[in-house]
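S.K.: What follows is a predicted structure for the sequence shown.
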Amino acid sequence: MKKQVTALLSTLVLSTIAFAGTASAHVVVYPQEAAQGSYEKFTVRVPTEKDIPTTKVKIEIPKDVEISRFEPMEGWKYELQKDSSGLITSVTWTATNAGLSPTEFGEFNMQGKVGDNAKKIVWKAYQTYKDGSTVAWEGPADADTPASITTVVKGNRAEGNSHTSATSDTTATSEATNNDSNSALPTTLSIIALVLGVISLIFSLRRKKQS
């Protein structure tokens, strides 16, 4: 009985770690907060969740933001879709080499202006793997594949903010790292609580059997 309990606990702990890591590995657009009317550099962080490479990433550009520039990324090419007025409605990055392997993530940068009256920016993303399968990151916040959301606050930082400095790059990277950790925390705590509940039940049943 003791060996069985130990084996079960080990399995639960390993499953918790693996699930928590997967749950936090979403396609996310940073920053997750911006001011109305501001010019921002938006970073699309794409982790590969499967055991095959990511070869294509598509982002739909909502009407709440006007994207105008894209940073070249080695090993990738991009294609733009525009509406009848010339506004960019989507961008698709396609790998020109092996893509993002199962242990890698990529960051795709673009620059644009947040709408003067925007309340939030909902980024729908579509991640395609080498086998042709596509994950649609377009669901609500509590979905398994949620769309990334940038909350828009009142204010105007547009003046003097049309260029990205090394300092702002560092800040954005730090924010991305912190937000990844914070978004994974509730899920991890919930899973740990579930594991502890199962452990408690196992020992309770064991005591009853011995008595």
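M.R.: Happy to help now that I have it.
S.K.: Touching, residue 63 and residue 115? I think so.
M.R.: Yes: assessed by Cβ atoms under 8 Å, residue 63 is found in contact with residue 115 at 7.3 Å. (Glycine included, C-beta is placed from N, CA and C.)
S.K.: More neighbours: those two, which one.
M.R.: Neighbour totals were compared for residue 63 and residue 115, and residue 115 leads with 16 against 11 (other Cβ atoms under 10 Å).
S.K.: per-residue pLDDT, that one?
M.R.: pLDDT, residue 115: 97.
S.K.: Who are the contact partners of the residue lying closest to it once chain neighbours are set aside?
M.R.: Distances taken as Cβ to Cβ, 6 or more residues apart in numbering place residue 64 nearest to residue 115, at 4.7 Å, with adjacent residues excluded. By Cβ atoms under 8 Å, 6 or more residues apart in numbering, the contact list for residue 64 reads 114, 115, 118, 119, 120, 121, 122, 152.
S.K.: can you put those residues in a markdown table and add distance to residue 36 and secondary structure?
M.R.: Listed next are these as a markdown table, based on distance: Cβ to Cβ, whole Å; DSSP: H, G, I helix; E, B strand; the rest coil:
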| residue | distance to residue 36 | secondary structure |
| --- | --- | --- |
| 114 | 6 | strand |
| 115 | 7 | coil |
| 118 | 6 | coil |
| 119 | 9 | coil |
| 120 | 11 | strand |
| 121 | 11 | strand |
| 122 | 16 | strand |
| 152 | 6 | strand |
